[in-house]
Each structure stands twice: as C-alpha cells, then as structure tokens.
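**Q** sharing a sequence plus its predicted fold:
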Amino acid sequence: MDELSLGELVAVLTLGQDSSFGQPLESQMRSTLLAIWLAGSAGLGAEVRDTAYWCAQLRYLGCTAHAHEVSAMFGDDIETRARTLTYDASNPAEVLRDAVTFGLPGKKGIARIGAVASILAGGRKFAQMNFRSGCEAADVLAARLRIDQPVRDALACTFERWNGKGQPNGVKGERIPLAMRIAHLTHDAEALARLRSPGEAIALIRERSGRAYDPGLVAEFLPVAAEFLDRLDKLDPWDAVLAAEPEPRQRLRGEDLDSALEVAADFIDLKSPFTAGHSRQVAALAAGACQRAGMPAAEVVRVRRAGLVHDLGRTAVPNSIWDKPAALTRAEFDRVQLHPLLTEQMLRRAGALGELNPLAACHHEKADGSGYVKGFTAAQLSPAARILAAADRYQAMTQQRAHRPALTPEAAAAELRRMAAEGHVDRDAIECVLAAAGHQARPRPQTPPAGMTDREVEVLRLAATGLTTAQIAQRLVISPKTADSHIQHIYAKIGCSTRGAAVLFALRHNLVG
C-alpha cells in the first residue's frame, strides 16, 4: 500500500459512521451527493460545494466519542441513533418524547417513574454534553486529518438547527455555516426518502422549513428534489463520491498515511472507554514483533497499518454489548463475531486498504481453526497475520474490559502460553509477541529442537538475523551449496518453507540472540 487519497480514507471512515448509526453502508455518501448537487443547482460556487462535500462526509466523525454515554441512557446506541434519523430535531417536544419513551430501558415499574423524572430534570444537560462531546472529538480528528478550517467550523454545528433549538449551543439561522445547513437538509432528505418514501421526504422537508432547515435552501431544493432522489437510486454512491472528491486531491503517503490511519484507529477506539489506545498498541506491538522476527521492512509497515484498522468493524456492534459488565449471551456473541467480517467489507472498498485484509480481518482466527469468522488454521495464515492475532490477544488481556479486570503482563503471558500448549494459538507467534512486549524468553533448550543438528541451529540463527545464503556460507566458511542444503534440511525438519516462518520457530525456541 503506497498511497491513498484523503477522500478514500474519509469514505472508509464514513462507512464506520454509517454502521455506528445503524444505517446501510453508503447512506452518508448518498446524502453527500445530494449536498453537492444542491450546492451546484443553487449556484453556490465551488468553495461552498467543496466544504459541503467534506461536511457531509465527516458529519458524524465524533459519533464514537459519545457512544458509551448514549448506550448508558438508551441501551443499544446503534438502534437509538437509527431510530432518531428521521425525527424533527428542531422540535424540543419530539426530542423529549423520544427520551422519555426510550430512556433508561432497564428501569421497570415504580423505578421507571423515577427514571423518567430524572430524564425530565437533566435531559437537556445530558443532550448538551452528549452533542458537545461528539463535536469536540470530530474537530480534533478533523484537525489531525488537516481538514480546512471552514469545514471544521461547520462540523461544530452538526447538531444545531435553523430555529436555534439544536445542540449544544443553540446556534441559529445564518450563524450556522451554509455548508452545514446544506448537510442538515440533504442528510434528512436521504434518510426520509430511504426509510419512508421520496414523496413523504419532500413533504416533511417542506413542513420543517424555517424550523429545521434554511427556508432559502428548501426553496432551492423542492423543485429538484424528486429528480435528485430518483437519480440517487441509479448510481453507485461509492464511485460517485470518490469521483466528486474536491481538487486538488490530497495524497497520503509514508508518514502522512500512517498519521491518517492513526486517526482511524482513534475513531474506532473511542467507541468504548475500555478500548482507548487498543488499536495503536496492537499495531506497535505487532510491528515490533515482526521486526524482531526479521521480516522485511515493508511487511513490518503493513502489519502496523493493519493493526491500526483491524477493529473498524467494532463500530457496528452496540455498546450495550461491548460495555456489558457480565457474560454475553449467545446472540450477543454472534454480533461480536461479525466485526472482523465488517472490517473486511469496509477496507476492501478502498483498493489500497484492501491489501491489509489478509492481516486485519483475521485477528480472531486461531491456530486450530476454532476462531472466527473464516475458521482459518495457522497453516492458512501468514506469519505476520499470526503475529497480529497474537498481539491483539495479548493487548486485550492486559487492558481492562467491562466484564473483567486487566490481567498483569505475566498472567497474560502465562494464559497465552497455556493456549499455545493446547493448540488454540500459534506458539511461534505468541513467543515472538511476548519477546517484543519485554517478557523473558524461555530457557534455551540444551538439545536442539525438531531433530536439528548443532550446525543447523547455527545456520538458522544466522538466517534469522537476515543474512543471505551466500553470507551464511561466507560466515561459516562453507560453500553456498552446503549452506543451502542446511537451510532445506531445516525447513523440512521444522515444517515450513519460508524464512519468516523459520525465524518465528527460532524465536519460539529461543535460538536467536
């Protein structure tokens, strides 16, 4: 993966935003297309059009930052957001009615009366803090993506409304940036048309004019609404949105690409307070382990990038599951098991990111084939994929979760070695990750493993340091043919055919260093 456009990365993040709102993937892209079409038909100019493009694509960039709080109030945060997509957020009575009806679903009977009273008393304050959290997180992430200030200013008004009844600051009328006023209208038009009907969408947009939406924009939209909504159903939103990315297109390469993928990692990990920093730490640990294993520099970079985005599919699983302080039901675990598949679906949309899938989408596979979702065995996974899966397990064990405290590093290492002994996880990858995490390697065996001779062990050690066959021959003062013969005998004895796998074997048996 050499490079990616900013538009492609943002498009992938948009899929994560859609899944966090219980929308079909590409829903936000559909509203983006409506936004730029409206800007064009209204003659608002390229600057407004381009700002509206990024506003519509990034509108919910901060959505994961308050998923935990939404879940604490309403239960399933994804279901809650999906339910509220079409209601009139400019009508306080409608907002309050939803909160009272669905808030604190765990409360029953008399306790429910008290719960409703608490919502009535503190609902507005909760809403302000909730939406402010989303706006502030979106601004921080957008700044790190080097998004222009006009877009960031507009994102601060994501939840405001024309009549001043929005959140968190009650910004009103033309004080809301024009690009966000466009996004408000077109986002709701897309959702209403998709979930109800185009005719009802047009009628409700007209009805809410002057409350939720800028009446001047509504006047521009209504004559073209039916045409735009019909046109929307006849194209591929992904291709159309990428083709419409504003010029000049920003290309992400090298460190810039790594930094942008760190934004994706943080967007993912904000989903739950129990996963803060998880993706960054998995990426760093997996990269360190691959480097220690002597893998090529390009593979080390690839595994680090895969680690940053491996949990993208987590956005589609509600926090009522991730943050549950008890064992999951079978149905809940079924939903958890979908997240690697969703990661794969999202990443493969952008060709360059799709190259990470053989690593990123396999982080819950197990050596014996009992993992999910593909049921791959160790033999079907590359050494780098096995290392990434091991890094994910180690880091998760050493991080607190809702249903258990964090394990100490020593306890996590012991548990992983137990799993390796039972054949559930790859022993070589585990030892490689544990070494990278600073754990002391197991004592070097007195007798060479796998029936290797002392000379073969010596050859394997040199190969593990990156020496070529010719260099090994020179170091040991033997012919290249003899050195190659030793290497082939080593491969046959340890059951592998590549240097990377041989290095992992050497690390597992403490034959290096």
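**A** Perfect, I can see it now.

**Q** Leu467: what secondary structure?
**A** Secondary structure, DSSP: H, G, I helix; E, B strand; the rest coil: Leu467 is coil.

**Q** count the residues that sit near the nearest residue to it once chain neighbours are set aside.
**A** The shortest distance from Leu467 to any non-neighbouring residue, by CB to CB, 6 or more residues apart in numbering, is to Arg475 (6.8 Å). For the C-beta atoms, the positions are set from N, CA and C on the backbone; glycine is no exception. Arg475 has 14 neighbours, counted by other CB atoms under 10 Å.

**Q** run a quick neighbour tally on Met129.
**A** 15.

**Q** residue contacts, the closest residue to Ala483 other than its chain neighbours?
**A** Nearest residue to Ala483, sequence neighbours excluded (CB to CB, 6+ apart): Ala473, at 4.0 Å. Ala473 sits next to Ser479, Pro480, Thr482, Ala483 when contact means CB atoms under 8 Å, 6 or more residues apart in numbering.

**Q** among those residues, who's most crowded?
**A** Ala483 (23 neighbours).

**Q** can you give me the distance of Ser71 to Arg401?
**A** The gap separating Ser71 from Arg401 is 15 Å, by CB to CB, to the nearest Å.

**Q** between those two, which one's more packed in?
**A** Comparing Ser71 with Arg401 by neighbour count (other CB under 10 Å), the higher total belongs to Ser71, at 23 against 16.

**Q** who's in contact with the residue nearest to the spatial centre of the chain?
**A** Centroid-nearest residue in the chain, with CA atoms, centre = their mean: Leu312, separated by 2.3 Å. When contacts are counted by CB under 8 Å, 6+ apart, Leu312 touches Val12, Gly16, Ala264, Ile268, Leu342, Thr343, Met346, Leu347, Ala360.

**Q** can we see that at 7 Å?
**A** With contacts taken as CB atoms under 7 Å, 6 or more residues apart in numbering, Leu312 has the following neighbours: Gly16, Ala264, Ile268, Thr343, Met346, Leu347.

**Q** the fourth one: which element?
**A** To tie it back to what came earlier, the one meant is Thr343. helix 339-347 (DSSP states H and E).

**Q** same for that helix, what does it pack against?
**A** When contacts are defined as 3 or more CB pairs under 7 Å, 6 or more residues apart in numbering; DSSP states H and E, helix 339-347 packs onto helix 6-20, helix 357-360.

**Q** follow-up on the earlier one: dump the contacts of Leu312 into a markdown table; add neighbour count, distance to Pro449 and pLDDT as well.
**A** Output for these, formatted as a markdown table (neighbours: other CB atoms under 10 Å; distance: CB to CB, whole Å; pLDDT from 0 to 100):
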| residue | neighbour count | distance to Pro449 | pLDDT |
| --- | --- | --- | --- |
| Gly16 | 27 | 44 | 95 |
| Ala264 | 24 | 40 | 97 |
| Ile268 | 24 | 39 | 97 |
| Thr343 | 28 | 36 | 97 |
| Met346 | 29 | 41 | 96 |
| Leu347 | 24 | 37 | 97 |
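
**Q** tell me the two of these that are most distant?
**A** Farthest-apart pair in these is Ile268 and Leu347; separation 12.0 Å (CB to CB).

**Q** who's in contact with the helix holding Thr343?
**A** Outside helix 339-347, the residues that reach it (CB under 7 Å, 6+ apart) are 12, 15-16, 19, 309-314, 316-317, 353-354, 356-357, 360-361, 363-364, 372-373.

**Q** now with 6 Å?
**A** Under the criterion CB atoms under 6 Å, 6 or more residues apart in numbering, residues 12, 15, 312-314, 316-317, 353-354, 356-357, 360-361, 364, 373 lie in contact with helix 339-347.

**Q** now the angle from it to helix 6-20?
**A** For helix 339-347 against helix 6-20, the angle by axes from the mean of the first three to the mean of the last three CA atoms, to 10 degrees is 140 degrees.

**Q** pLDDT on the helix or strand just after helix 339-347, on average?
**A** Downstream of helix 339-347, the next assigned helix or strand under DSSP H and E is helix 351-354. In this model, helix 351-354 carries a mean pLDDT of 91.

**Q** do stretch 17-25 as well
**A** Here the average pLDDT along stretch 17-25 is 92.

**Q** what's the end-to-end length of that stretch?
**A** Using CA to CA, to the nearest Å, one end of stretch 17-25 lies 9 Å from the other.

**Q** make residue 1 into 20 and carry on from there
**A** Renumbered: residue one is now 20, and that last one reads stretch 36-44.

**Q** list the buried ones in it?
**A** Gln36, Asp37, Ser38, Ser39, Phe40, Gly41, Gln42, Leu44 (16 or more other CB atoms under 10 Å).

**Q** the second one contacts Ser46, doesn't it?
**A** Yes: proximity of Asp37 to Ser46 meets the contact threshold set by CB atoms under 6 Å, at 5.2 Å.

**Q** and Tyr510, what is it in contact with?
**A** When contacts are counted by CB under 6 Å, 6+ apart, Tyr510 touches Ser516.

**Q** quick check: it vs Arg405, distance?
**A** The separation that Tyr510 has from Arg405, given CB to CB, amounts to 18 Å.

**Q** okay, the helix holding Thr362 in PDB with CA atoms only?
**A** Taking Å, rounded to 0.1, in the frame of the first residue of the first chain, the C-alpha atoms of helix 358-366 are listed here in PDB:
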ATOM      1  CA  HIS A 358     -16.900  -7.400  13.400                       C
ATOM      2  CA  PRO A 359     -13.900  -8.900  11.600                       C
ATOM      3  CA  LEU A 360     -16.100  -9.500   8.600                       C
ATOM      4  CA  LEU A 361     -17.300  -5.900   8.700                       C
ATOM      5  CA  THR A 362     -13.700  -4.700   8.900                       C
ATOM      6  CA  GLU A 363     -13.000  -6.700   5.800                       C
ATOM      7  CA  GLN A 364     -16.000  -5.200   3.900                       C
ATOM      8  CA  MET A 365     -15.100  -1.700   4.800                       C
ATOM      9  CA  LEU A 366     -11.400  -2.000   4.000                       C
END
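
**Q** residues contacting Ile287?
**A** Neighbours of Ile287 in contact, by CB under 6 Å, 6+ apart: Ser298, Asp330, Leu331, Arg333.

**Q** derive a ChimeraX selection command for the buried subset of those residues.
**A** Per 16+ other CB under 10 Å, the buried members of the contacts of Ile287 correspond to this ChimeraX selection:
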select :298,330,331,333
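
**Q** where does the stretch 120-269 of the chain dip in pLDDT?
**A** 128-132, 134-142 (pLDDT under 70).

**Q** all helices of it, in order?
**A** Applying DSSP state H, counting those that start in this stretch to the stretch 120-269 of the chain gives helices spanning 128-163, 168-174, 197-214, 217-227, 234-251, 256-262.

**Q** where do the helices sit along the stretch 420-532 of the chain?
**A** 428-440, 446-455, 473-483, 488-495, 499-513, 518-527.

**Q** columns distance to Leu115 and mean pLDDT on top of those helices, output as CSV?
**A** Converted to CSV, the helices of the stretch 420-532 of the chain look like this (distance: least, CB to CB, whole Å; pLDDT from 0 to 100):
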stretch, distance to Leu115, mean pLDDT
helix 428-440, 47, 95
helix 446-455, 51, 94
helix 473-483, 65, 87
helix 488-495, 74, 90
helix 499-513, 67, 94
helix 518-527, 59, 76
